[in-house]
Each structure stands twice: as structure tokens, then as C-alpha cells.
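Asker: sharing a model that was predicted from the sequence below.
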Amino acid sequence: MTYVTDGMMVAAGETPDHWLAVGLANLRDATPDDWLGVFHADTGMLGGHAGDSYDAARALVLEQLGDPSPAGWLVAIPARDWLFALPVTPESMPGVPLLKVLAEKSFAEDAYPISAEVFWVRGGVWERFPITLTDERADVSPSDAFLAALQELAPGGAGDGA
């Protein structure tokens, strides 16, 4: 890893956007093919844990590494060395509470914590996906945009030609 300072950018005559693109391309290239694997088969949840200190950063290129749903991903990046992702489909929604539990547990216990939050990621746009857990239930407050995207995937939704 190399830090690109303001002085280096000026000397190279390149913009910050250029260096960000280079960094993201390097991250994609350095990602093992088997990095993202099934973490919980019943929910379809995937987990990334290559152990190279870049697992959380790979959330920035997750859609380029593979996007099984046009509605994007629900993503948790609880610590530097973990990423949990759930493709947004009607069938995967029962896994949302588990995603939040994993986010909170890893955030509290693992080294280099980042966030206990869950995010909806689609088309490069990140949106907080509010979830509150109690002993009895999980309260989810998705945005109207998320609900519309999920509805398009549902049988009889706008996305199936009906």
C-alpha cells in the first residue's frame, strides 16, 4: 500500500479521482477469486475474510466483484478484516436480522472496528439501512427507494414484466 499525498498528486499532474480509480483497480486485482464465500447457507449470506487487512475496503468494489441482484447488497463492514453481504432479494430478507447481529458482534469484539451498521449498496450509492434489535424482534426501517427496488423483484412486481 502506498499513500498518495497532495504533493505527489501535484508532481504527477493527476487528480484525486485518478488516484482513487487506480487504488480501486489495484484492490480489485488483489482480491482472491474465492474471497467472498457462503457464510450462512440458509439466508444466502456471504462473508469475506481474506485476512490481508483489506476485507472491509472491498465493500467499495463489491458490485464489481459480483452483483447477484439488480437491487444491490445489504452490507456490514464491522471490522477491517470482515465483510458480510446479503444480496437484496425477497428470499434473502429473513437473513437481515442475522446480518445486524454479525455486524454488532464483530464490531464489539474484533480488532480494528469500523461500524455496527448495515448499509444498502446499489450502483455505487451507500445508504444506511436502519435495524434495531431487541430480545423479541428486529425492527427494520428501509427507505422508500429500497422498498421500491425490492418490490420490482417480487413476483408480480414491476421487474417481472407483469
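Answerer: Cool, got the structure.

Asker: show me what the helix or strand of the chain with the lowest mean pLDDT is packed against.
Answerer: Least confident helix or strand of the chain, by mean pLDDT, DSSP states H and E, is helix 62-65 with a mean of 78. On a contact count with 3 or more C-beta pairs under 8 Å, 6 or more residues apart in numbering; DSSP states H and E, helix 62-65 meets strand 73-79, strand 118-122. Quick note: C-beta positions are derived from backbone N, CA and C, even for glycine.

Asker: rerun that using 10 Å as the cut-off
Answerer: In terms of contact count using 3 or more C-beta pairs under 10 Å, 6 or more residues apart in numbering; DSSP states H and E, helix 62-65 is assigned the packing partners helix 16-29, strand 45-48, strand 73-79, strand 82-87, strand 118-122.

Asker: make TSV out of these and add mean pLDDT.
Answerer: Converted to TSV, those look like this (pLDDT from 0 to 100):
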stretch	mean pLDDT
helix 16-29	91
strand 45-48	90
strand 73-79	95
strand 82-87	93
strand 118-122	95
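
Asker: dump these to a markdown table, plus mean neighbour count and distance to residue 6.
Answerer: Putting the helices and strands packed on helix 62-65 into a markdown table (neighbours: other C-beta atoms under 10 Å; distance: least, C-beta to C-beta, whole Å) gives the following:
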| stretch | mean neighbour count | distance to residue 6 |
| --- | --- | --- |
| helix 16-29 | 13 | 9 |
| strand 45-48 | 21 | 31 |
| strand 73-79 | 26 | 27 |
| strand 82-87 | 25 | 30 |
| strand 118-122 | 20 | 29 |
